[in-house]
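1. this is a predicted model, with the sequence first.
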2 protein chains.
Amino acid sequence: MSADIIPLSRKTPEPASLDPMMALTAQGMNSVNAVILDRMQSEIPLIPALAGHLISGGGKRLRPMLTLAGAELVGYQGTRHHKLAAAVEFIHTATLLHDDVVDGSDLRRGKAAANIIFGNPATVLVGDFLFSRSFELMTEDGSLKVLKILSGASAIIAEGEVDQLTAQRKIETSEERYLQIIRAKTAALFAAASRIAAVVAECDESQERALDEYGRNLGVAFQLVDDAIDYDSDAAQMGKARGDDFREGKMTLPVILAYARGDTNEREFWKAAIGGHRTSNDDLAEAIALIEKYNAVADTRSRARHFAQRAIDAISIFPDGAARAAMGEAAQFAVSRGF
Amino acid sequence: MSADIIPLSRKTPEPASLDPMMALTAQGMNSVNAVILDRMQSEIPLIPALAGHLISGGGKRLRPMLTLAGAELVGYQGTRHHKLAAAVEFIHTATLLHDDVVDGSDLRRGKAAANIIFGNPATVLVGDFLFSRSFELMTEDGSLKVLKILSGASAIIAEGEVDQLTAQRKIETSEERYLQIIRAKTAALFAAASRIAAVVAECDESQERALDEYGRNLGVAFQLVDDAIDYDSDAAQMGKARGDDFREGKMTLPVILAYARGDTNEREFWKAAIGGHRTSNDDLAEAIALIEKYNAVADTRSRARHFAQRAIDAISIFPDGAARAAMGEAAQFAVSRGF
């Protein structure tokens, strides 16, 4: 036998990283974080306690980072976007708090969800507080155009969440309907967060639209991968309890694909499971096996790759450079998460 | 015996009425109601269904009426206030929907509460939708001053609601603390609704402040009487389930007064009741008896009279006329409700 050492081949390619985007926005994010910490305060101690549980809970703050990266991309020199990026994060935090109540989930980002520790009533009300604060921040900035974009996005997010609720436990939900839901509940805020960078920099309409499309496609890719991870037997845990979507009867793309591709018996299983009649660990294992059988996680990721590519292409109108490269890699990262 | 007919004396004076304020604002309220109906629509059918349950549920729409009455008082001739009054009502409706979830009440305005029919998740999310819509309406109007007033009021309302939650089941809550809570959770929106009338009419600062003070004091009076009615054995039912505050352990002024004036045994009863250990109908009957013994409903109403009078005096800087008279009688009505 030879003593030569043969290098091990990697099973997956080097995953894309969020690091370049984080480096690009690091200094600005310090200012954004200072605004967030300052403006989540209140004389009512329960408010910063509850808000801080989520806000200090290790989120990536991807949405405000999009505003800052967008500002770098268009060469904006001012600081107005720091307050607005904090407003974006407050809207996101408010929706997470309300989601925790709506979903009744036990975990959020690997920690106990706010409603488990503080109860539903306080969680709803602190969400309302952060939502109001976010509009106070925008009003202080004073751009009616930004206010229009973010109040519009907020209404669309709420519509998307209600729409998702309507589709819950409905096995007949189509891929098209699902995409419509996630464009509203997730991608609308990604789009708005990116777009407002062009607004504060007084870019022209085509640049505004390009940043909007970058964010919107990135948001869709991001949500698709989130939904894939919930059924991915290979995925590293992402801080949510595995199988939550399954037990809540949420119609996400892995289920939609596995159901569409399944035979009669398998479809009966899905109907029962999404209907709430198969919620044991064995049932979850069967669901994951069916999803693997039909490549539904891999194909959900491949759908995500399509949207990530559209995000990357949307910003090709801007000059090449560190900002565009970082934003491009962030889109690839959105797809490779969980490997 | 003489055949002369002696007129019966009335036990209580002719109660004040909201009719003059309703007549004053009737035409404008048609426009406001049209905006409300138009802007609560959505492609997601559950949204207008749920919002409509509350919005068509027989509320007096007192808050938008305050904006319209204020506009009459200052002689405003335009129509901008219609959209803004609808925004005020949307904020109010959103907080009512979230309150229904927070309180877990079964009834609202004498009908099943939204969360009983539609569930907590949809109720939270439709509240968020209406809240977003309200900021869209304000943004369309375009006054940053109005946006500042109403986003500030929204944050204060949420703080007041959280503060009330913190005080719940705490027998040591003082009258001062209670007033602080209701100034935030109720009076802030009354104040903002009134104040924005002066803003659209471009009044001077002293007129703005006068309308703010009218609304703020009226809001305090209104909430005090609401809280009195929940323990008033004489009061006509106001559409909420009698004894809700008692069972939820809410520290309202009738309880604060009866506890402060009670002897050792009575205080023990209140501690147990507010602590959640006395929730039967007999316990409620005992609570009402103690509140009567110490005149705590009558004295709560008399506190309300004080704030109503301050509301009336606040607008004395404006010329005498139909608007001022209607707003004055509305303040008296706030106190006489429930007789």
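-> Structure's in. What do you need? Remember, predicted model here, so these are calculated numbers, not experimental data.
2. so where is chain A shaky, pLDDT-wise?
-> Across chain A, the ranges flagged by pLDDT under 70 are A:1-14, A:233-241, A:339.
3. that one: strands as residue ranges?
-> Remark: strands assigned in chain A by DSSP state E are A:107-108, A:111-112.
4. CSV for these, including mean neighbour count and distance to residue B:322?
-> Every C-beta, even on glycine, is put in place using the N, C-alpha and C of the backbone. Listed next are those as CSV, based on neighbours: other Cβ atoms under 10 Å in any protein chain shown; distance: least, Cβ to Cβ, whole Å:
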stretch, mean neighbour count, distance to residue B:322
strand A:107-108, 20, 55
strand A:111-112, 15, 58
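5. what's the closest of those to chain B?
-> strand A:107-108 (15.9 Å; Cβ to the nearest Cβ).
6. one step back: would you mind giving the strands of chain A as JSON lines with distance to chain B added?
-> JSON lines is the format used below for the strands of chain A (distance: least, Cβ to the nearest Cβ, whole Å):
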{"stretch": "strand A:107-108", "distance to chain B": "16"}
{"stretch": "strand A:111-112", "distance to chain B": "19"}
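7. now these as CSV including distance to residue B:146?
-> Listed next are the strands of chain A as CSV, based on distance: least, Cβ to Cβ, whole Å:
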stretch, distance to residue B:146
strand A:107-108, 35
strand A:111-112, 39
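8. can you tell which of those strands is closest to residue B:89?
-> Among the strands of chain A, the nearest to residue B:89 by Cβ to Cβ is strand A:107-108 (33.1 Å).
9. the closest residue in space to residue A:275 that isn't next to it in sequence: what's it in contact with?
-> Counting by Cβ to Cβ, 6 or more residues apart in numbering or on different chains, the nearest residue to residue A:275 once its immediate chain neighbours are dropped is residue A:169, at 5.8 Å. Applying Cβ atoms under 8 Å, 6 or more residues apart in numbering or on different chains, we find residue A:169 in contact with A:249, A:274-276.
10. next up, phi/psi of residue A:169, please.
-> Phi and psi for residue A:169, reported as degrees, to the nearest 10, are phi 60, psi 20.
11. distance of it from residue A:223?
-> Going from residue A:169 to residue A:223 by Cβ to Cβ, to the nearest Å gives 19 Å.
12. also residue A:337?
-> 11 Å.
13. just residue A:248 next, same as before
-> For residue A:248 relative to residue A:223 (Cβ to Cβ), the value is 15 Å.
14. next, count neighbours for the residue in the stretch 201-339 of chain A positioned nearest to chain B.
-> Nearest residue of the stretch 201-339 of chain A to chain B: residue A:248, at 10.3 Å (Cβ to the nearest Cβ). For residue A:248, the count of nearby residues is 16 (other Cβ atoms under 10 Å in any protein chain shown).
15. residues contacting the nearest residue to it once chain neighbours are set aside?
-> Distance criterion Cβ to Cβ, 6+ apart; nearest residue to residue A:248, sequence neighbours excluded, is residue A:103 at 6.2 Å. By Cβ under 8 Å, 6+ apart, the residues touching residue A:103 are A:244, A:248, B:121.
16. now those in JSON lines, with distance to residue B:79?
-> Formatted as JSON lines, those follow (distance: Cβ to Cβ, whole Å):
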{"residue": "A:244", "distance to residue B:79": "49"}
{"residue": "A:248", "distance to residue B:79": "46"}
{"residue": "B:121", "distance to residue B:79": "37"}
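17. nearest to residue A:327, of the residues you listed?
-> residue A:244 (29.9 Å).
18. nearest residue to the closest one in space, ignoring adjacent ones along the chain?
-> Using Cβ to Cβ, 6+ apart, the nearest residue to residue A:244 is residue A:105, at 5.7 Å.
19. isn't residue A:326 up against residue A:24?
-> Yes. Applying Cβ atoms under 8 Å, one finds residue A:326 in contact with residue A:24, separated by 4.5 Å.
20. closest to residue A:289 among the contacts of residue A:103?
-> The closest of these, once distances to residue A:289 are taken by Cβ to Cβ, is residue A:244, at 18.3 Å.
21. residues near the closest one, how many?
-> Using other Cβ under 10 Å, residue A:244 has 15 neighbouring residues.
22. just checking, it touches residue A:100?
-> No. Contact status for residue A:244 versus residue A:100: not in contact, 11.4 Å apart, counting by Cβ under 8 Å.
23. residues contacting the nearest residue to residue A:224 once chain neighbours are set aside?
-> In space, and not counting its chain neighbours, residue A:224 is closest to residue A:304: 3.9 Å by Cβ to Cβ, 6+ apart. Taking Cβ under 8 Å, 6+ apart, we find residue A:304 in contact with A:220-222, A:224-225, A:228, A:334-335.
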